[in-house]
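Trainee: Pasting a predicted model and its sequence here:
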Amino acid sequence: MHLLYVRQGCDASVLLDDTASFTGEKGAGPNAGSLRGFDVIDNIKMLLELLCPQTVSCADILAVAARDSVAQLGGPSWAVPLGRRDATTASASLANSDLPGPTSSLNGLLNAFSNKGLSSTDMVALSGAHTVGRAQCKNCRARIYNDTDIDASFAASLRASCPAQAGAGDGALEPLDGSTPDAFDNAYFGNLLSQRGLLHSDQALFGGGGGGATDGLVSAYASNAGQWGADFAAAMVKMGSISPLTGTDGEIRVNCRRVN
Ligand code: HEM
């Protein structure tokens with residue numbers, strides 16, 4: 001899912017393997033070790049190239065796969081505008097500077113999204129994607145050992161599987177939504193109300209630690225799944241239209257891992 005929010009926009013640059021002439025986004029700090037599923041995209045692309053060569057871009061495949069994954073897990077659905085083309089390069093340094101991280105403050109998150117033309121409502125609604133998936137211990141360690149706005153028993157249970165010392169336990173996976181880890185529902189927001197956000201950047205959306213500007217929205221989404229679903233779908237369409245390549249810009253890649 002992080003595949004979408006990259007570089008200048010939705011141009012599938014994130015799928016490119018590093019080459020001699022550029023270092024791409026896959027290993028960039030915010031993405032390191034957290035992007036998986038490239039083989040799924042490879043398979044979809046292979047079938048599409050057999051049926052209809054050089055017609056469907058890798059960027060469009062990502063946008064549709066994101067929509068279908070959400071719907072499959074019980075979340076909302078939406079119409080995906082199509083016609084994106086693929087980037088012919090990728091940049092680790094842009095991915096590093098544009099992506100917020102798990103220790104970002106509320107202001108840091110709001111700025112990063114606003115730089116891409118996304119509002120605070122978009123930011124909070126999109127963060128609800130952390131209703132599914134896992135985070136590595138190294139990305140929540142500082143929160144579960146140092147933060148004070150965390151439920152005590154929640155922190156204690158996480159400490160049991162995520163050791164305090166950096167090293168061997170770094171890759172242990174913790175559910176982003178401890179209540180319903182594999183359902184695309186609004187439980188993520190209920191968790192924030194009870195200080196059970198896994199990442200510092202999750203809890204920053206509610207409870208004063210981050211300043212409180214988005215508290216009202218988090219409460220509304222926690223009690224109204226329909227409102228969240230509608231805002232999430234709208235924000236996904238908006239995020240999916242961040243500086244796409246169109247017309248004769250870019251290309252339709254044959255292999256999503258390489259420029260043609
Ligand atoms: C608000 C800023 C965001 C930050 C700081 C952030 C940060 C993170 C981090 C650190 C992880 C764990 C990665 C790992 O440990 O391997 C993660 C996982 C994830 N994020 Fe985000 N994220 C943000 C926004 C988003 C958005 C907008 C979406 C999608 C709409 C999203 C979807 C996901 C998903 C689905 C996972 C789980 C991946 C998996 O289980 O493999 N995140 N995020």
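Mentor: The structure has been received and is ready for your questions. All of these numbers come straight from a predicted model, not from anything done at the bench. Numbering: from 1, shown residues only.
Trainee: Was I right to think L15 contacts R258?
Mentor: No: counting by CB atoms under 8 Å, L15 stays clear of R258, with 9.2 Å between them. (Each C-beta comes from the backbone N, C-alpha and C, glycine too.)
Trainee: between these two, who's got more neighbours?
Mentor: Taking other CB atoms under 10 Å, L15 and R258 do not tie; L15 has more neighbours (28 against 11).
Trainee: And for the closest residue to G83 other than its chain neighbours, the neighbour number?
Mentor: Spatial nearest neighbour of G83, chain neighbours left out: T246 (6.2 Å); criterion: CB to CB, 6 or more residues apart in numbering. Other residues lying near T246 total 10 when counted by other CB under 10 Å.
Trainee: CA atoms only for stretch 59-73 - export them in PDB, please.
Mentor: Presented in PDB, the C-alpha positions along stretch 59-73 are these (Å, rounded to 0.1, in the frame of the first residue of the first chain):
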ATOM      1  CA  ALA A  59       1.100   2.700 -12.100                       C
ATOM      2  CA  ASP A  60      -2.500   1.900 -13.100                       C
ATOM      3  CA  ILE A  61      -2.000  -1.700 -11.900                       C
ATOM      4  CA  LEU A  62      -0.900  -0.400  -8.500                       C
ATOM      5  CA  ALA A  63      -3.900   1.900  -8.200                       C
ATOM      6  CA  VAL A  64      -6.400  -0.900  -9.100                       C
ATOM      7  CA  ALA A  65      -4.600  -3.500  -6.900                       C
ATOM      8  CA  ALA A  66      -4.800  -1.100  -3.900                       C
ATOM      9  CA  ARG A  67      -8.600  -0.600  -4.500                       C
ATOM     10  CA  ASP A  68      -9.200  -4.300  -4.800                       C
ATOM     11  CA  SER A  69      -7.100  -5.200  -1.800                       C
ATOM     12  CA  VAL A  70      -9.100  -2.800   0.400                       C
ATOM     13  CA  ALA A  71     -12.500  -4.100  -0.900                       C
ATOM     14  CA  GLN A  72     -11.300  -7.800  -0.500                       C
ATOM     15  CA  LEU A  73     -10.600  -7.100   3.200                       C
END
